[in-house]
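Trainee: With the sequence up front, the predicted model follows.
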Amino acid sequence: NVKEMNKAKLIKSPVVLLLALVIFTSACPLPAQVSKERQKLIDFSLELRGCPYKYAGNSPKGFDCSGFVSYCAKNALNKNLSRSSGDMYIQVEHIKKADREPGDLVFFAVKNAKGIYHISHVGIYLGLYTGDGPLHGKRIFLHAASDGPQTGVIVSDMEEKYWSNHFYGYGRFLDPSTRD
């Protein structure tokens, strides 16, 4: 039956699976879902998956990491974020791991020759993935990657070796979701 085959294709769709996120840590009482504003950002940004990477890019023709995040904030929510990941980190509220929620930003850094950390990358935190596949049970984020096995706008596991070794912190530019 064609209707059942289409339903099965929809259930296996990566976008549908990505939207099946369970949110947050067990460290604090949390909402069952994110705010409408956060969901709008997440939905908009997921639509850009697969766009290519381009240094200094800030359009669907090609994004760098900060170009992707600032483009999503502006076009989904009419919010302005800085155009560099370092400036963006300065601009946002820094939050603890226990307070993170989907739609917050995740920052990564590298250490320069003098031992000083420099913010080098930013992405949009999506939460705990509960769908099928290799990301099941992983905390994931969406970003524009310039290097690695996949480039462009992709979803990555926060615990992949490179990302966990370079993790710097979380940032918030949207109001937190209402907690019951």
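Mentor: It's in.
Trainee: Tell me which residue is most central in this protein.
Mentor: residue 124 (2.2 Å; CA atoms, centre = their mean).
Trainee: on contacts alone, who are the packing partners of the longest strand along the chain?
Mentor: The strand that spans the most residues within the chain, counting by DSSP state E, is strand 117-129. Judged by 3 or more CB pairs under 8 Å, 6 or more residues apart in numbering; DSSP states H and E, strand 117-129 is in contact with helix 14-18, strand 21-22, helix 36-46, helix 65-77, helix 85-91, strand 105-111, strand 139-145, strand 167-172. In short, each C-beta sits where N, CA and C put it, glycine included.
Trainee: can we see that at 6 Å?
Mentor: Where contact means 3 or more CB pairs under 6 Å, 6 or more residues apart in numbering; DSSP states H and E, strand 117-129 is packed against strand 21-22, helix 65-77, helix 85-91, strand 105-111, strand 139-145.
Trainee: returning to that earlier point: list the contacts of the residue nearest to the centre of the chain.
Mentor: Applying CB atoms under 6 Å, 6 or more residues apart in numbering to residue 124 gives the contacts 45, 142.
Trainee: Check the spacing between it and residue 150 real quick.
Mentor: According to CB to CB, to the nearest Å, residue 124 stands 16 Å off from residue 150.
Trainee: Equivalent analysis for residue 133, please.
Mentor: From residue 133 to residue 150 the distance is 14 Å (CB to CB).
Trainee: what's in contact with the helix or strand where residue 162 lies?
Mentor: Residue 162 is part of helix 161-166, with elements assigned from DSSP states H and E. Helix 161-166 has contacts (CB under 6 Å, 6+ apart) with residue 108.
Trainee: mind listing what's buried in it?
Mentor: residue 163 (16 or more other CB atoms under 10 Å).
Trainee: next one: stretch 65-81
Mentor: 65-73, 76-77, 81.
Trainee: Show me which pair in those residues is furthest apart.
Mentor: For the buried residues of stretch 65-81, the farthest-apart pair by CB to CB is 65 and 77; their separation is 18.2 Å.
Trainee: ok so, going back, partners of the longest strand of the chain in the sheet?
Mentor: strand 21-22 (antiparallel), strand 105-111 (antiparallel), strand 139-145 (antiparallel) (DSSP bridges).
Trainee: Distance from the chain centre to that strand, please.
Mentor: 6 Å (CA atoms, centre = their mean, to the nearest Å).
Trainee: and the angle for it with helix 65-77?
Mentor: For strand 117-129 against helix 65-77, the angle by axes from the mean of the first three to the mean of the last three CA atoms, to 10 degrees is 50 degrees.
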